[in-house]
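Trainee: Have a look; sequence and predicted model below, questions after that.
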Amino acid sequence: MFATVGDRLLVHGNTVGEFDRGGVITEVRGPDGAPPYVVAFDDGHTGIVIPGPDAVVVPQ
């Protein structure tokens, strides 16, 4: 998985009733666009994310 600052990270809900989460990647801490990423999520919180198989990067 590779990303740049400004791309969106979408994490799909993996259980029944869990909603998808998304946010903007504000910092890429891995080499050459690799994780971990600092993500400003749409719900207002910011966190460091190492995406799993339920996540996709949407280029902007």
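Mentor: Arrived safely.
Trainee: Mind pulling up the pLDDT for the spatially most central residue of the chain?
Mentor: Centroid check for the chain by Cα atoms, centre = their mean gives residue 9 as the closest residue, at 3.1 Å. Residue 9 is assigned a predicted lDDT (pLDDT) of 98.
Trainee: do residue 16 as well
Mentor: pLDDT, residue 16: 88.
Trainee: Surely it is within a strand?
Mentor: No - per DSSP: H, G, I helix; E, B strand; the rest coil, residue 16 lies outside any strand segment and is coil.
Trainee: neighbours around it, how many?
Mentor: Residue 16 is flanked by 5 other residues according to other Cβ atoms under 10 Å. (C-beta placed from N, C-alpha, C; glycine too.)
Trainee: Low-confidence regions, this protein specifically.
Mentor: Scanning the chain for pLDDT under 70 picks out nothing.
Trainee: Point me to the residue sitting farthest from the middle of it.
Mentor: residue 16 (20.6 Å).
Trainee: What's the first helix or strand after the top strand by length along the chain?
Mentor: Ranked by number of residues, the top strand in the chain under DSSP state E is strand 21-28. Following strand 21-28 in sequence order, the next helix or strand is strand 37-41 (DSSP states H and E).
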